[in-house]
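Participant: After the sequence you'll find the predicted model.
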Amino acid sequence: MRHIAIIGAGASGLFLSKKLSEHADVQVYVFEKCKHVGTKLRASGGGKANIFNEHLRPDCYNQSQWIAPLLEQVSASRLRSEFDRMGLALVTDEEGRVYPSTQFSQTVVDILSTAYCPQVHFEMEYEVRQLVQKNGKWQINDYPIRFDHVVIATGTPANMIAKNRKGYNGFLTDFNLKTNPFQPSLVGFKIASYPKQLSGCRTKVIASLYQGNRLIHEEAGEVTFKDDGISGIVILNLSAYYHRLASKENCYLQLNLIYHQPDYNIEQHLQQFHTLKGLLHPKLNDLYNQQPFDVKRYKLAILDTYEIEYAQVCHGGIDLCEIDTQFALKRFPGLFVTGELLDVDGLCGGYNLYFAFASALVVAEHLQH
């Protein structure tokens, strides 16, 4: 009988425990710091759980070359089959985003739950402070069982307030792993010289991220103007590309507010109607009336992104040079890392949850042999 520990009961940890529970020769122990499992999973996709995307592409990730083989090994269709076997009915929207048919994230948590499986044991509100190897096995704190394998699936401090981030994953310090600093990704932008009167305005645009005269990324979607900045799914995606830049100097957003007809003749419209109130959100129209601007190239200088506590995921984490293709730490036999704790982050649309599930699936298959 093998004993396997999973540190973290998020998307990756739950999926892994579910897969390992299918085998009679293992006992699985899941250690979770919080009161409940799947906290971020329940909040994902606006509470609907966008669990993966049908259109997986390497360029949707910061580590495009590294992740390409994984996308081939664990394709969207293969992941769908895994959930089918678990009894989770799925639906796909027009942009390829895959959700549970219930459109309710708790359904995914319930399907992955192994709380009543005799082979899986949960230790809730349990903080792992120390992880050491003794006589070829792994010891967690003073827990009475030593483990043949340990899978670290704790995620990152994304969406976590500063108080809770203090000492997060501190038990990893002794391993001296190469890491890249955590930065907020999939997060809104703070804007310099921000027009506060736009606060509360929601409108659809073609949003572009520029550095100087170089276009970094562009896509259409709804944006929300906040008290001191701008957010929305399209903006979160631009923030992912922003954090991949070596330098952040001279970066700005450019919004085409005529998203439905980018080549629309604004001058002709003004000559005919003497106003843009039929084209712009009322708050944008009021701003234009006070100080006219180019509605197809409305420029917003980036001051910074919002902090980690407002981010959906983090850019950075354990460097990929530390792991092999089975997600095992090269220098520490028996230790594995899955999910967001690794320096892999993707765009909005199910790409990050895909990585959490796919990395867990690879580890599960390796541990089953």
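Facilitator: Structure received.

Participant: can you tell me the helix or strand for Glu72?
Facilitator: Element membership for Glu72 (DSSP states H and E) is helix 64-73.

Participant: Just want the angle from the helix or strand that that helix is followed by to helix 64-73.
Facilitator: Going down the chain from helix 64-73, the next helix or strand is helix 76-86, by DSSP H and E. With axes from the mean of the first three to the mean of the last three Cα atoms, to 10 degrees as the basis, helix 76-86 and helix 64-73 are set at 50 degrees to each other.

Participant: next one: helix 76-86 to chain centre, how far?
Facilitator: In terms of Cα atoms, centre = their mean, to the nearest Å, the centre of helix 76-86 is set 20 Å apart from its chain centre.

Participant: Which strands or helices does it pack on?
Facilitator: strand 52-53, strand 90-92, helix 105-112, helix 351-367 (3 or more Cβ pairs under 8 Å, 6 or more residues apart in numbering; DSSP states H and E). Every C-beta, even on glycine, is put in place using the N, C-alpha and C of the backbone.

Participant: mind listing what's buried in it?
Facilitator: Buried residues in helix 76-86, counted by 16 or more other Cβ atoms under 10 Å: 76, 79-80, 82-83.

Participant: could you give the mean pLDDT of it?
Facilitator: The average pLDDT within helix 76-86 is 97.

Participant: Keeping just the C-alphas, turn it into CSV.
Facilitator: What follows is helix 76-86, C-alpha atoms only, in CSV (Å, rounded to 0.1, in the frame of the first residue of the first chain):
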residue,chain,number,x,y,z
ALA,A,76,-9.3,19.3,-25.0
SER,A,77,-11.2,16.2,-26.2
ARG,A,78,-9.2,14.0,-23.8
LEU,A,79,-10.0,16.2,-20.9
ARG,A,80,-13.7,16.3,-21.9
SER,A,81,-13.6,12.5,-21.9
GLU,A,82,-12.2,12.5,-18.4
PHE,A,83,-15.0,14.6,-17.1
ASP,A,84,-17.6,12.5,-19.1
ARG,A,85,-16.3,9.4,-17.2
MET,A,86,-16.8,11.3,-13.9
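
Participant: Out of the helices and strands packed on helix 76-86, which is the most enclosed?
Facilitator: strand 52-53 (a mean of 26; mean count of other Cβ atoms under 10 Å).

Participant: okay if I get the helices and strands packed on helix 76-86 as CSV plus mean pLDDT?
Facilitator: Listed next are the helices and strands packed on helix 76-86 as CSV, based on pLDDT from 0 to 100:
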stretch, mean pLDDT
strand 52-53, 96
strand 90-92, 97
helix 105-112, 96
helix 351-367, 97
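
Participant: Quick check: which of those is nearest to Ile191?
Facilitator: Closest approach to Ile191 among the helices and strands packed on helix 76-86 (Cβ to Cβ): helix 351-367, 25.3 Å.

Participant: All good on my end, thank you.
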